[in-house]
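> no sequence for this one, just the structure:
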């Protein structure tokens, strides 16, 4: 923790005025301070700026009025993305946007802009946000050259004031020096103050899959596990992390998606299935939704595989009599002796074979679709693009908390030769205890994208933003 936050009264004011000389009444350049460190080398796949904001004024500052800018050089045509790894404020209260500078300058033709929702609260005089761990990466996942990034400092391995990261209060430059050389109070041209972002609503989980790869620490912080363990379904014991990636995708909202790649050569040894799943079962009644790209043909190699592209909720297989499972399973080439394309929507009462209620839809779903499951008041409804495809009530209503899963797996291996299949997921959304209409789901998701919010989890019992 920053020393200044542990000091009080005169001791703090002495430290503030000696280390950060200037006005101390909350006006001009003395209202905010930004400290920076990094543990990433100049050449790295991911930039890792850690930022800390201090209120060195005599007035309480609402963090929703604060905006930070970290400046970098794009080094090519690739777009960039960012995420939050750690914050005591909760990463879901940290917004991130990347963009091209309106006035490009040497070492600074782009910026990462960081904002705060109202859920981040306020900084009292002498207060600190503590460290905010961020990541910045190219969407083509090529290495960054940070040596020509204005805000990067390879020597800053411990927190120190950095005027090459700017801070704005209500749209007015309050700390740092813009790339043009403008300092606070000198007629700068700051960004338009963004509208205040509301705190994330209660009982919601949302993720736009803004990650650098399967090993991204933010992926684990946000409650996801890349499956590599044993077992089924499909070709047992063939789950591999290499099938999970987060590529640039022009047809995806926001330009990036989760990709689940299945590869096989027709043998078990040459098969790699892919699954991303929740680390803990947090979900029960309410609305589940995801925007998914289903493939009708392999990305490479001959067609014909009995592949299963799935979005489902599943409780732990712990022998509990309250086992629950809700499935969207798309099989472009069919499976288990039935022709394709087909979408099976299935609710399970137990993990025993056949203890389920199911419906088979016979239509191609190639491309992007919003698939939803609503479970409320003893009724389960499955829909695609707002059209209900199956519903039921009674004994197959979920009775135990579940995790959310996405997977691509093979029912069998009747063919030989190398093949690659790609399934993609743009975003996932869950609202506990409510039936949310498709239009309202779209509106909520649009709001998260517009605000620069990448991840939210406000479910009861969830610990946000480690």
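Noted; the coordinates are in hand. Small disclaimer: the values here were computed from a predicted structure and weren't measured.
> can you show me the strands along the stretch 1-150 of the chain?
With DSSP state E, counting those that start in this stretch, the ranges of strands along the stretch 1-150 of the chain come out as 32-38, 43-44, 46-47, 49-55, 61-62, 66-72, 80-86, 94-105, 108-116, 122-123, 132-138, 144-145.
> equivalent analysis for the stretch 251-400 of the chain, please.
For the stretch 251-400 of the chain, the strands defined by DSSP E, counting those that start in this stretch cover 258-264, 274-278, 286-294, 307-314, 325-331, 342-348, 356-361, 367-376, 379-384, 387-393.
> still on that earlier bit, could you dump the strands of the stretch 1-150 of the chain to a markdown table with distance to residue 328, mean pLDDT and mean neighbour count?
Any C-beta I mention is one placed from the backbone N, CA and C, and that applies to glycine too. Output for those, formatted as a markdown table (distance: least, C-beta to C-beta, whole Å; pLDDT from 0 to 100; neighbours: other C-beta atoms under 10 Å):
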| stretch | distance to residue 328 | mean pLDDT | mean neighbour count |
| --- | --- | --- | --- |
| strand 32-38 | 42 | 98 | 23 |
| strand 43-44 | 38 | 96 | 13 |
| strand 46-47 | 33 | 97 | 22 |
| strand 49-55 | 39 | 98 | 24 |
| strand 61-62 | 42 | 96 | 19 |
| strand 66-72 | 39 | 97 | 25 |
| strand 80-86 | 27 | 96 | 23 |
| strand 94-105 | 30 | 92 | 16 |
| strand 108-116 | 35 | 96 | 22 |
| strand 122-123 | 43 | 97 | 20 |
| strand 132-138 | 30 | 97 | 24 |
| strand 144-145 | 37 | 95 | 20 |
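> with distance to residue 243 added, can I get these in CSV?
CSV is the format used below for the strands of the stretch 1-150 of the chain (distance: least, C-beta to C-beta, whole Å):
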stretch, distance to residue 243
strand 32-38, 31
strand 43-44, 24
strand 46-47, 21
strand 49-55, 30
strand 61-62, 44
strand 66-72, 31
strand 80-86, 21
strand 94-105, 27
strand 108-116, 29
strand 122-123, 43
strand 132-138, 20
strand 144-145, 25
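> out of those, which gets nearest to residue 229?
Set against residue 229 and scored by C-beta to C-beta, the strands of the stretch 1-150 of the chain come closest in strand 80-86, at 24.7 Å.
> what packs against that closest one?
If you count contacts as 3 or more C-beta pairs under 8 Å, 6 or more residues apart in numbering; DSSP states H and E, strand 80-86 packs onto strand 94-105, strand 108-116, strand 132-138, helix 217-221.
> hang on, the earlier thing: so which of the strands of the stretch 1-150 of the chain is nearest residue 222?
strand 80-86 (8.6 Å).
> for residue 103, which non-adjacent residue is closest in space?
In space, and not counting its chain neighbours, residue 103 is closest to residue 180: 5.9 Å by C-beta to C-beta, 6 or more residues apart in numbering.
> that should have said residue 407, apologies.
residue 275 (3.7 Å).
> likewise for residue 55?
That would be residue 123: by C-beta to C-beta, 6+ apart, it lies 3.8 Å from residue 55.
> what's the answer for residue 54, then?
residue 33 (4.3 Å).
> which residues sit in contact with the one you found?
Contact analysis of residue 33 by C-beta atoms under 8 Å, 6 or more residues apart in numbering lists 20, 53-54, 56, 161, 167, 175.
> quick one: low-confidence ranges for the stretch 301-450 of the chain?
319 (pLDDT under 70).
> distance of the residue lying closest to residue 74 once chain neighbours are set aside from residue 101?
Nearest non-adjacent residue to residue 74, counting by C-beta to C-beta, 6+ apart: residue 110, 4.8 Å away. As for residue 110, its distance to residue 101 is 6 Å (criterion: C-beta to C-beta, to the nearest Å).
> how about residue 228?
Residue 228 is 41 Å from residue 101, by C-beta to C-beta.
> related to what we said a few turns ago, what's the overlap in contacts for residue 110 and residue 101?
Counting by C-beta under 8 Å, 6+ apart, the residues touching both residue 110 and residue 101 are residue 71.
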